[in-house]
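1. Whatever this is, show me its structure:
(one chain, ligands or ions: 1)
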Amino acid sequence: MTPTTQTHEITPASRLANVRYAIRDLACVADEVIKQGHKVLPLNVGDPNIFDFQTPPHIIEAAYKAMRDGKNGYAPSPGIPEALEAIRSEAARKGISTVRDVFVTSGVSETVDICLAALVNPGEDVLTPKPDYPLYSAVLCKLGIGLNAYDLNEEDGWQPELADIERKLTPRTRGIVIINPNNPTGSLCTRTMLEKIADVARRHNLIVFADEIYDKLILDCDAQGNVTPHIAFASVAPDVPCVTFGGMSKNYLVPGWRIGWGIVSGDAAAVKTYTEGVHRLLRARLCANHPEQYAIKPALEGPQDHLVEVRRKLRSRRDLTQKWCESTPRVSCVAPRGAFYAFPRIDIPESDEIFVKELIRQKHVMVVHGSGFGQKPGTQHFRIVFLPDEQTLTRAYAGIAEFIRERYH
Ligand SMILES: Cc1ncc(COP(=O)(O)O)c(C=O)c1O
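-> The predicted structure is shown next:
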């Protein structure tokens, strides 16, 4: 007789074996410590809203009004017209002159998912940076695509290592990802580097995915206090097929709203059929969050005052972090220039994963191990999110310094 219950184990697809999300995986260790009654200092999550950063009220009002006005059904698959128009204007302000298409997604996470899925066939690859934001490798694993990572060069301020890009190119490479400003290093690509990457893309018929989600969080200023302008890849290389990724999560302090977008640029004929493929996937998933899309135009075109305050806080916290790195034995760090991450190198006789797990257990400070982002063999790092206030950071850094002293004296 057939059994009435199904007890046979349901196993996940084997292509998921390499999907790691170190940032959240560490949560289990933190849970142990919290259960013992300790408070954990969270220098691990890139969510400004859990610290002293507030969403601009006019953006909240715009989304709330949209809900009150009944914008609660499905939106058009590519996004609502007024948001698309605002994103096109934003692209123009960024100097992107060859915009061929724009579309709204549920966070940049979905832009990445759709843009990679629309591009690669089995056996092909996409160059991703190492270290990288782990979503890229997770999506590629999900698609059954082997990873092909190019090094960022710590000795050169974490600029992409051009020689390594050339070495890693294969006849089946279809695209290249650049993250600028970078997570996890906080580095900015120089104009010369963007030009050189454009040249590689031209010579090898690649599409460039330019993740610029942190483009308004540049921390460097000139002597007069003017913020160093962000250089959009697509503005440097108007002819090169490119999708620029942008969104509301970081610049406008609403990561929970899940609003991102893609801006397709480059030669019109070169990007036409790929863009149609993207739209097939956009239609298949119906639409991005609807009422929140009404906040895109007010965000991009309304007051930007919050950014002055956000950058002021981040600059002060970056400086505190950098000073600590420079004065702590076994620690060194390329100064972050954008976003809210630092990626210090540590000189220790064990893995950085053991380092961060023991740090949570013993000092209740949570950072993420460098191996969770990828790094050159023989090097060890950890990623700091310097969003917490100065007092919290000072306490956390004292804990890390004490841990290093006690463990490796
Ligand atoms: C480089 C980078 N890209 C994309 C994302 C995902 O952003 P979103 O919240 O828009 O999905 C993040 C989030 O931390 C990120 O750091």
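
2. quick one, what contacts the closest residue to the ligand within the stretch 51-200 of the chain?
-> Nearest residue of the stretch 51-200 of the chain to the ligand: Gly107, at 2.7 Å (Cβ to the nearest ligand atom). C-beta coordinates here come from the backbone N, C-alpha and C atoms, glycine included. Gly107 sits next to 247, 249, 255, 258-260 when contact means Cβ atoms under 8 Å, 6 or more residues apart in numbering.

3. Which pair of those residues spans the longest distance?
-> Pro255 and Gly260 (10.3 Å; Cβ to Cβ).

4. Apart from its chain neighbours, what residue comes closest to Tyr252?
-> Nearest residue to Tyr252 in three dimensions, chain neighbours excluded: Ala299, at 4.6 Å (Cβ to Cβ, 6 or more residues apart in numbering).

5. Next, the contact list for the one you found, please.
-> Shown in contact with Ala299 (Cβ under 8 Å, 6+ apart): 56, 59, 62, 248, 251-252.

6. what two of the residues you listed are the furthest from one another?
-> Ala62 and Asn251 (15.3 Å).

7. Dump the helix or strand containing Arg203 to PDB, restricted to CA.
-> Using DSSP states H and E, Arg203 sits within helix 191-204. This file holds the C-alpha atoms of helix 191-204, laid out as PDB (Å, rounded to 0.1, in the frame of the first residue of the first chain):
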ATOM      1  CA  ARG A 191      38.000  57.900 -14.900                       C
ATOM      2  CA  THR A 192      41.100  56.400 -16.500                       C
ATOM      3  CA  MET A 193      40.100  53.000 -15.100                       C
ATOM      4  CA  LEU A 194      36.500  53.300 -16.500                       C
ATOM      5  CA  GLU A 195      38.000  54.300 -19.900                       C
ATOM      6  CA  LYS A 196      40.200  51.200 -19.800                       C
ATOM      7  CA  ILE A 197      37.300  48.900 -18.900                       C
ATOM      8  CA  ALA A 198      35.300  50.500 -21.700                       C
ATOM      9  CA  ASP A 199      38.100  49.600 -24.100                       C
ATOM     10  CA  VAL A 200      38.100  46.000 -22.900                       C
ATOM     11  CA  ALA A 201      34.300  45.900 -23.400                       C
ATOM     12  CA  ARG A 202      34.700  47.300 -27.000                       C
ATOM     13  CA  ARG A 203      37.400  44.800 -28.000                       C
ATOM     14  CA  HIS A 204      35.500  41.800 -26.600                       C
END
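
8. The ligand contacts on the stretch 201-350 of the chain?
-> Contacts of the stretch 201-350 of the chain with the ligand, taken as Cβ under 6 Å from any ligand atom, map to 211, 213, 247, 249, 255, 260.

9. mind putting those in TSV, secondary structure included?
-> As requested, these are exported to TSV (DSSP: H, G, I helix; E, B strand; the rest coil):
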residue	secondary structure
Asp211	strand
Ile213	coil
Gly247	strand
Ser249	coil
Pro255	helix
Gly260	strand
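
10. Taking these, tell me the two that lie furthest apart.
-> It's Asp211 and Pro255 that sit farthest apart of these, by Cβ to Cβ, at 15.0 Å.

11. Go through stretch 77-94 and flag the buried ones.
-> Within stretch 77-94, the residues scored as buried using 16 or more other Cβ atoms under 10 Å are 77-80, 83-84, 86-87, 90-91, 94.
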